[in-house]
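# A predicted structure for the sequence below; I have some questions about it.
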Amino acid sequence: MKIAAQQPAASPAEPQPGDIPVEVFRQAMHRVADMIADYLSNVAEYPVVPRISPGDVRRALPPSGPAAAEPLDAILDDYQRLIEPNTTHWNHPGFMAYFANTGSAPGIMGEALAAALNVNAMLWRTGPAPTELEGLTCDWLRQWMGLPAEFKGHINDTASIGSLLALGAARARLRDLQIRQKGMAGRPELPALRVYASEHAHSSIDKACLTLGVGLENLRKIPADQAYRMDPAALAAAIAEDKAAGRRPMAVVATVGTTSTTSVDPVPAIAELCRREQVWLHVDAAYAGVAAICPELRAQMPGLEQADSLVTNPHKWLFVPVDCSVLFVRDEHALKEAFSLVPEYLRTSESRVTNLMDLGVQLGRRFRALKMWMVFRAFGLEGLQARIRGHCGLAREFAAWVEAEPGFELCAPIPFSTVCFRATPPMPPAAQNDFNERLLAAANSDGSFFLSHTKLGERLVLRLCVGNLRTSRELLRTAWRVLREKCAELRG
């Protein structure tokens, strides 16, 4: 039976509307280029965190979208009036909270050009240059980090997704359980799968266990030592206990650069245990891993080459604009075994090519490698090393000021560029925590910098992380002066 296609009546006199005219776009993009350059030059004039209340931005905009087209200049005017000043400025030299990052100039160029190409590199055919450039830039990073040649890298948005995919591959490697085919629901014969991580592991590991059906109860948090590093003996005992109880160890997550203190788990000892027990070892090196491009910092994180998978974020400390996270795996086939699924409409004739869709759950793959490639070329290995070393030097200077100041203390080792510290007024521990919380709020209200906090045991501590290209010694001195002044005011 032939089905007639229903087509709208042709209107030859009315041309189809298309994109914005090229000359209008060109003029607007010249303005955008000037706006970006001005922003990067003058971002320090803003308070790092805008002084607004929830809902202020939305209330300043119409509740419904426009029915008629608006001029690009009017849109850019509103951007400058409402958006730019009312964001938290991660590109601010005073942004030293969480893990600081920088959207560098060459990275911004790459982001804009990637948007123009608008590629979805799900298959080699749908993005030949993006696919091959991704493999190349990840391999440059692999070489700089001193990882073995068998490690293959690809780019995801964040380390949260990289760790999820790595643990998915670890689950698929338990082939006798047939989880890919049969799933995990309604199977009383399926043993509880166990994942092990330090008590200081990032919450993305918890979320990965939620997503993969492992469950939070089966994520065993292993105690850490006084330097906040996972205890291998406690890990070995946990694995032995679980095996004796009929549970199935699935993966161990070692952290290189923990979120709170940037401590480094003892990867060699953990890797030896994983080999003996035949358990997948994933290394979460989201923050610190890229620092391995500096040989002296690589020496502080031995054992990276022994991982089955490793995730690290060029968008944190290699100055690539967010988002850009690299997942390395020793055996790329393990990812394909877990995630490859090729419907007929995505079959192609090319052989011996990488189809990025086979390496994870995402079908859409934007051209993130372009901005990483441009940053790597514009700065070079030596330039990237110099910047990372400079940040570590500034952090050590700040730590020395804290250590020398009565009434303050350092709270953790400083292997990289993050300093954990707190004020220690003569008062009970709970009151000290409240004091440091108020100190953090008072110091951040200055607007010239932004710090964050964490908890180490029962102690609330302040965190300062140097990672922005524009952070200077002078700004650190300002931050330290403000902290001491606010501390004195709070103590009365």
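The structure has been received and is ready for your questions.
# low-confidence stretches in the chain?
Scanning the chain for pLDDT under 70 picks out 1-12.
# what residue spans form the domains of it?
As given by automatic domain parsing, the domain ranges for the chain are 120-366, 377-491.
# right, so these: which one is the most enclosed?
Sort the domains of the chain by mean neighbour count, taking mean count of other CB atoms under 10 Å, and domain 120-366 sits at the top with a mean of 19. Any C-beta I mention is one placed from the backbone N, CA and C, and that applies to glycine too.
# next one: it to chain centre, how far?
The chain centroid and the centroid of domain 120-366 are separated by 13 Å, computed with CA atoms, centre = their mean, to the nearest Å.
# check the separation of the first and last residues in that domain.
5 Å (CA to CA, to the nearest Å).
# list of residues touching stretch 435-452?
44, 47-49, 51, 88, 92, 94-98, 422-423, 425, 427, 453, 460-465, 475, 478-479, 482-483, 486-487, 489-490 (CB atoms under 8 Å, 6 or more residues apart in numbering).
# so the residue nearest to residue 260 when sequence neighbours are not counted, which of the three states?
Nearest residue to residue 260, sequence neighbours excluded (CB to CB, 6 or more residues apart in numbering): residue 454, at 4.1 Å. Here residue 454 is recorded as strand under DSSP: H, G, I helix; E, B strand; the rest coil.
# ditto for the one 10 residues further on
Classification of residue 464 using three-state DSSP returns strand.
# looking at the chain, which helix is longest?
When the chain is parsed with DSSP state H, its longest helix is helix 369-404.
# what is that helix packed up against?
helix 105-117, helix 128-145, helix 314-317, strand 408-410, strand 418-423, strand 459-465, helix 473-491 (3 or more CB pairs under 8 Å, 6 or more residues apart in numbering; DSSP states H and E).
# and these: which comes nearest residue 401?
Between residue 401 and the helices and strands packed on helix 369-404, the shortest gap by CB to CB is with helix 473-491, which sits at 5.3 Å.
# got the contact list for residue 336?
For residue 336, the contact set (CB under 8 Å, 6+ apart) comprises 358, 359.
# could you say which helix or strand holds it?
helix 332-339 (DSSP states H and E).
# dump the domains of the chain to CSV, plus distance to residue 22.
CSV is the format used below for these (distance: least, CB to CB, whole Å):
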stretch, distance to residue 22
domain 120-366, 23
domain 377-491, 28
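# show me where the chain has its strands.
In the chain, the segments counted as strands under DSSP state E are 152-156, 193-198, 219-222, 248-255, 280-284, 309-312, 325-329, 408-410, 418-423, 452-456, 459-465.
# what is the orientation angle of the last one with helix 473-491?
What it means is strand 459-465. Between strand 459-465 and helix 473-491, the angle comes out at 160 degrees (axes from the mean of the first three to the mean of the last three CA atoms, to 10 degrees).
# tell me the angle of strand 459-465 relative to strand 452-456?
On the basis of the same axes, to 10 degrees, strand 459-465 is oriented at 140 degrees to strand 452-456.
# show me what strand 459-465 is packed up against.
Strand 459-465 packs on helix 369-404, strand 418-423, helix 429-444, strand 452-456, going by 3+ CB pairs under 8 Å, 6+ apart.
# can you lay out the ones you listed as TSV showing distance to residue 154?
Shown next, in TSV, are those (distance: least, CB to CB, whole Å):
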stretch	distance to residue 154
helix 369-404	9
strand 418-423	27
helix 429-444	37
strand 452-456	30
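# now the helices and strands packed on helix 369-404 as TSV including distance to residue 157?
Below are the helices and strands packed on helix 369-404 laid out as TSV (distance: least, CB to CB, whole Å):
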stretch	distance to residue 157
helix 105-117	13
helix 128-145	13
helix 314-317	9
strand 408-410	34
strand 418-423	23
strand 459-465	21
helix 473-491	30
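# quick one: closest of those to residue 195.
The nearest among the helices and strands packed on helix 369-404, by CB to CB, is helix 314-317 at 23.7 Å.
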